[in-house]
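K.L.:
Pasting a predicted model and its sequence here:
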Amino acid sequence: MTSAEADPVYPAEPAKDVELTEENSRKMRKTGSTHFGDADFEEEQMADIGDATWAEVGRACCVHSPMEWGKIFIGVCAAFFFLYFFLFSLELLGNAAKVLGGCTAGGIMGDNVNPVAALVIGELATALVQSSSTTTSIIVSLVGASAIDINTGIYMIMGANIGTSVTNTIVAMGQMSDGVQLERAFAGATVHDLFNLLTVAVLFPLELISGYLRALTGAMLPEQVADGDKWEGPIKQIVSPLAGRVIKPAKDLIKEIATGKVENCDAYYPVYCVGGIEDYKSCANKCADGQEKGVDCGRVGLITCDKKTGCPAFFQHGATKKDDSISGGICLVLSLIFLLICLMGLVNVLQRGLMGMSTRIIYKATNVPGVVAIAIGAAVTILVQSSSITTSVLTPLVGIGVIQLEQMFPLTLGANIGTTVTGLLASLVSDSVAALQVALCHLFFNISGIIIWYPVPFMRKIPLNGARELGKWTRRSKAIPPIYIITVFFICPLLLLGLSELFVQKKVGWTVLGTIIVIAVVLGIVRFAWWWKRQEGRNQFIACLDKRTARNEAMASLPEDMKFLKGKIAQLAEHTGLPEDEEADEEKAEGTDAAEEAA
């Protein structure tokens, strides 16, 4: 049974006019194995994949002719080239996002707020700066400086876990040119989202009621924390210098706004360099005692200089906040363009390298036990110091079919564990027991989520099936990914934030209004679930996507169809001797004039 017959969510695609041979179809091979590039590659299901031996894996990996080794060497070099600039694009994207959203992120993170608001603030801040490592480091620093309390920090950490998954969801959109790849890539990206959302859905109310995370981490705290050093992963050390030469965000600015040292970003402008010389010493060096920033020593805004590489290309003496924001916007657009180009190049190189390779071999080599996959994901993330980078690199591999969704899931869980190391290191630098407690809460939040959603097969299927469903919808409509990102990461959090504010005004009227809205929302969710499950809502939704897709395809093919019809009409007119359009129009016009004269 094909995937199209097995699940009605798959769109019906016309059969391709390809002759099936032993070289391009598993149906024609005696072994029945599928190879990458086969005409019927998409028809293979997990149950159809046979088990290869490690001897077969070894032969496929290491036994090649000199010509093949040369091609492999060129392919590996090309893959590393595109991978490096893919990572560079992600770093540039993060830097640009910090410049654009740094002031806003710092402004919303500096106060003790209600738990729901803290959750939303953590999510929005992470989505704005495109880095959970940055957000968690700031949260830990805020707790260490007593700018916010431990409870607020815990809820912000939960929100940061949700916001970090937006990056690989954006990366999945880079495979929109191929519907099948987009389906797999989007499923691989959103399984991370769903795990984080489901974990928050369980642990957020549990923490509100029982203080589970605070009590658990409080029991294992030492009396004091020894001061530690900041550590940067090797991948960051390779990629960051080049991205820093383009644009380098002032991370300290976000912390200073969040801790209340300055009221807003206006205090950092205009940018001033001593003597107008644009270098680190003249612009970004710390002021000595008695010196006034912006007069006796340099002052930088959202964009700063680096002690080793100097001032980046988009740094400008005398720049205003608007100038820096424009620079951040330009870099954001450039990073997305580079990201798309490198993603297409990387996918193309990998597909060419895998062409003709049996899926049995690939899945044998990549199919490791779940615990090992979690450990691999954690180790890689510790090295690159970013879960976004780990999951963003893996997402295209899921898209082209190298990694199965079942294998992607534990890898992303490991990435969630690995990213907590950044917060733990920040807590050691802050020399604060409270900061260490919040960092440990981040670690045990992810460990608790893994215990809930991964070991039991029934629970594991919930995020996996949800991600598959979302992936299948993208084959119906490519508008699903942007709608999903905007709704999940921005619209819903903002609505929750607004709703929570109604309950903290300490006014009876606002509280009653908030209660009514909450009841209405709950009833609406229950009604939607009933419609979706019991009243064929899912099928109606799919039919709506089908109708929209068919209309868009008809509009796209309309010019060619019209040209084809005109050609056929011309042939028919020539064959039957019917008058041409111009002659028919002239005769019609003469007939109309004659009728008017007679009247």
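P.N.:
Received, thanks. Residues are numbered from 1 along each chain as shown.
K.L.:
The helix or strand harbouring residue 78 packs against which elements?
P.N.:
Secondary-structure assignment from DSSP states H and E places residue 78 in helix 66-108. Helix 66-108 sits against helix 115-129, helix 132-144, helix 234-246, helix 251-258, helix 321-354, helix 387-399, with contacts defined as 3 or more CB pairs under 8 Å, 6 or more residues apart in numbering; DSSP states H and E. Where you see a C-beta, it was placed from the backbone N, CA and C, and this is true even at glycine.
K.L.:
And those helices: which comes nearest residue 63?
P.N.:
helix 321-354 (15.8 Å; CB to CB).
K.L.:
angle of the closest one against helix 387-399?
P.N.:
40 degrees (axes from the mean of the first three to the mean of the last three CA atoms, to 10 degrees).
K.L.:
what mean pLDDT would you report for helix 321-354?
P.N.:
Here helix 321-354 scores 85 as its mean pLDDT.
K.L.:
got it, and stretch 522-537?
P.N.:
Average pLDDT, stretch 522-537: 89.
K.L.:
Low-confidence regions, the protein specifically.
P.N.:
Along the chain, the model assigns pLDDT under 70 to residues 1-52, 54, 57, 109-112, 222-235, 354-361, 365, 429-431, 577-599.
K.L.:
returning to that earlier point: CSV for the helices and strands packed on helix 66-108, including mean neighbour count?
P.N.:
Shown next, in CSV, are the helices and strands packed on helix 66-108 (neighbours: other CB atoms under 10 Å):
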stretch, mean neighbour count
helix 115-129, 26
helix 132-144, 28
helix 234-246, 17
helix 251-258, 21
helix 321-354, 18
helix 387-399, 26
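K.L.:
And those: which comes nearest residue 515?
P.N.:
helix 115-129 (14.3 Å).
K.L.:
helices and strands around the closest one, which ones?
P.N.:
helix 66-108, helix 132-144, helix 150-163, helix 179-210, helix 492-502.
K.L.:
report the angle between the axes of that helix and helix 179-210?
P.N.:
Helix 115-129 runs at 150 degrees relative to helix 179-210, counting by the same axes, to 10 degrees.
K.L.:
With respect to residue 208, which of the helices and strands packed on helix 66-108 lies nearest?
P.N.:
helix 115-129 (6.0 Å).
K.L.:
I'd like the distance from the closest one to the chain centre, please.
P.N.:
Distance, stretch centre to chain centre, for helix 115-129: 16 Å (CA atoms, centre = their mean, to the nearest Å).
K.L.:
Only alpha carbons, please: show it as PDB.
P.N.:
Output of helix 115-129 as PDB, limited to C-alpha atoms (Å, rounded to 0.1, in the frame of the first residue of the first chain):
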ATOM      1  CA  PRO A 115       4.100  33.500  35.700                       C
ATOM      2  CA  VAL A 116       2.200  33.600  32.300                       C
ATOM      3  CA  ALA A 117       3.800  36.900  31.400                       C
ATOM      4  CA  ALA A 118       7.300  35.500  32.400                       C
ATOM      5  CA  LEU A 119       6.700  32.500  30.100                       C
ATOM      6  CA  VAL A 120       5.700  34.600  27.200                       C
ATOM      7  CA  ILE A 121       8.500  37.100  27.700                       C
ATOM      8  CA  GLY A 122      11.100  34.300  27.700                       C
ATOM      9  CA  GLU A 123       9.600  33.000  24.400                       C
ATOM     10  CA  LEU A 124       9.400  36.300  22.700                       C
ATOM     11  CA  ALA A 125      12.800  37.400  23.800                       C
ATOM     12  CA  THR A 126      14.300  34.200  22.400                       C
ATOM     13  CA  ALA A 127      12.400  34.500  19.200                       C
ATOM     14  CA  LEU A 128      13.600  38.100  18.800                       C
ATOM     15  CA  VAL A 129      17.300  37.400  19.400                       C
END
